[in-house]
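Student: My questions concern the predicted model and sequence given below.
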Amino acid sequence: MLTVRAPATSANLGSGFDVFGIALGTPADVVRVERAPKTTISVSGAGSEYIPEDPKKNTVGAVAEALDAPARIEIDKGVRPSSGLGSSAASAAAAAVALNELYDRGLTREELVPIAAEGEALVSGEAHSDNVAPSLLGGFTVATADGVTQVDTQIPVVACLPETTVSTRDARGVVPDSAPLGDVVATVGNAATLSVGMTRNDPELVGRGMADEIVTPKRTALIDGYERVREAALKAGATGVTVSGAGPGVLAVCYEADQRAVASAMLEAFNDVGIDSRAYQTRVGEGARLYPDDA
Ligand SMILES: Nc1ncnc2c1ncn2[C@@H]1O[C@H](COP(=O)(O)OP(=O)(O)OP(=O)(O)O)[C@@H](O)[C@H]1O
Ligand SMILES: N[C@@H](CCO)C(=O)O
């Protein structure tokens, strides 16, 4: 069997809706595949009871179909679904790498991005690539209609995951159809600042560039305790805080020295509003990794 570990991701980063994404060091999904006459899927691990095993409903089924690569597929979920940490994308990215290898399709990681995004179309209604791109390529990614640009970076982050869920499909429903030019200009400036910060490994610039007045304020209303958690993280030293993906995960960027305090502050703030949560203290990390020798 071939084994692939693909990381959780955080998309949007505030100012880069449907464009920016980062790979997280932890958590991750692990997918194992072997050739079979038709695709079957089994799921275990975090939140597996909420994930369909029907290939027509699971993101890895869409990937197997897009690659014309039927297989017996085992998914071990490290990334809880409906988290904002790219759960559906992690499985899709892992399956894309594994099946590409299993059937010797010879596609590059960049070429696998639109294939893995077929899984996102299945669960959220649109084939946005901002989660699958960093899960496949690692680092910070800029996914546009013309392709993906990737930068390796090691910015420290805290991804705090409350025990509530928000479906990406629902969170896309509150995104406005248009925005005032002033807000668009400000967001372009922030997105540019963030990109420069990623290339310089500079948490201050990245944090400042996460500000967004167009999409994020609509989404924070769907996350109980968000404002309290954001304020607590900033007070503890975070350089920027935003909704992770479609939520309810909350992403904070910080210097390494402040990481533990930021994580504690976020956990405590969720706890203050009666919500249990879990904080991943990690960094922007590597993309999907193939372990070909699994016996
Ligand atoms: N392999 C899979 N892993 C996780 N969720 C899956 C998978 N296949 C299908 N799903 C479905 O996708 C939905 C979760 O995806 P969703 O995009 O809402 O969450 P997410 O990937 O954690 O968040 P985000 O994209 O905001 O980071 C659930 O309804 C789940 O049942
Ligand atoms: N860009 C996507 C990421 C979540 O899947 C969104 O925010 O809806």
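Tutor: Here it is on my side, so go on. Numbers count the residues shown, from 1 in each chain. Ligands and ions are numbered 1, 2, ... in the order given.
Student: Assign the residue of the chain most remote from its centre to helix, strand or coil.
Tutor: Outermost residue of the chain with respect to the C-alpha centroid, by CA atoms, centre = their mean, is P37; its distance is 31.5 Å. State at P37, reduced to three classes by DSSP: H, G, I helix; E, B strand; the rest coil: coil.
Student: What pLDDT does the model give it?
Tutor: pLDDT for P37: 97.
Student: Now do the same contact list for the closest residue to it other than its chain neighbours.
Tutor: Once flanking residues are discounted, P37 sits nearest to P70: 6.3 Å by CB to CB, 6 or more residues apart in numbering. In short, each C-beta sits where N, CA and C put it, glycine included. For P70, the contacting residues are R35, A36, P37, K38, T39, A64, by CB atoms under 8 Å, 6 or more residues apart in numbering.
Student: cutoff 6 Å now
Tutor: Going by CB atoms under 6 Å, 6 or more residues apart in numbering, P70 touches A36, K38, T39.
Student: Pick the one among these closest to ligand 2.
Tutor: T39 (23.4 Å; CB to the nearest ligand atom).
Student: residues in contact with that closest one?
Tutor: Contacts of T39 by CB under 6 Å, 6+ apart are P55, G61, A64, P70, A71.
Student: what about 10 Å?
Tutor: Applying CB atoms under 10 Å, 6 or more residues apart in numbering, we find T39 in contact with 33, 55-56, 58, 60-61, 63-65, 69-73, 95, 99.
Student: Please apply the same query to R169.
Tutor: Shown in contact with R169 (CB under 10 Å, 6+ apart): S82, V123, S124, G125, E126, A246.
Student: Disregarding residues adjacent in the polypeptide, which is nearest to the first one?
Tutor: Across the structure, with CB to CB, 6+ apart as the measure, the residue nearest S82 apart from its sequence neighbours is T165 (3.9 Å).
Student: swap in D170?
Tutor: L222 (7.3 Å).
Student: What number of residues are in the vicinity of P176?
Tutor: By other CB atoms under 10 Å, 11 other residues sit near P176.
Student: Also R35?
Tutor: 13.
Student: How about the residues of the stretch 101-250 of the chain by ligand 2?
Tutor: S124, H128, D130, N131, T168, A171, R172, G245, A246 (CB under 6 Å from any ligand atom).
Student: Ligand 1 versus the residue farthest from the centre of the chain, what's the distance?
Tutor: 21 Å (CB to the nearest ligand atom, to the nearest Å).
Student: All further residue positions should be reported with the first residue as 53.
Tutor: From this message on, residue numbering opens at 53, which makes the last subject P89.
Student: which residues touch that residue?
Tutor: P122, A123, R124.
Student: now those in JSON lines, with distance to ligand 1 and pLDDT?
Tutor: Shown next, in JSON lines, are the contacts of P89 (distance: CB to the nearest ligand atom, whole Å; pLDDT from 0 to 100):
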{"residue": "P122", "distance to ligand 1": "17", "pLDDT": "98"}
{"residue": "A123", "distance to ligand 1": "14", "pLDDT": "98"}
{"residue": "R124", "distance to ligand 1": "15", "pLDDT": "98"}
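Student: Can you give me the separation between the residue nearest to R341 when sequence neighbours are not counted and F322?
Tutor: Distances taken as CB to CB, 6+ apart place R57 nearest to R341, at 5.1 Å, with adjacent residues excluded. As judged by CB to CB, to the nearest Å, R57 and F322 stand 28 Å apart.
Student: Please apply the same query to R161.
Tutor: 35 Å.
Student: which of the two has more neighbours?
Tutor: Between R161 and F322, counting by other CB under 10 Å, F322 is the more crowded of the two (28 against 19).
Student: Make sure the more buried one is actually in contact with S316.
Tutor: No. Contact criterion CB atoms under 10 Å: F322 and S316 do not qualify, at 11.2 Å.
Student: which residues do the two both contact?
Tutor: A284, A331.
Student: Among the residues of the stretch 153-302 of the chain next to ligand 2, name the least confidently predicted one.
Tutor: Lowest pLDDT among those: S176, 79.
Student: Spatially nearest residue to P208 (excluding sequence neighbours)?
Tutor: What sits nearest to P208 in space, not counting adjacent residues and going by CB to CB, 6+ apart, is E308, at 4.7 Å.
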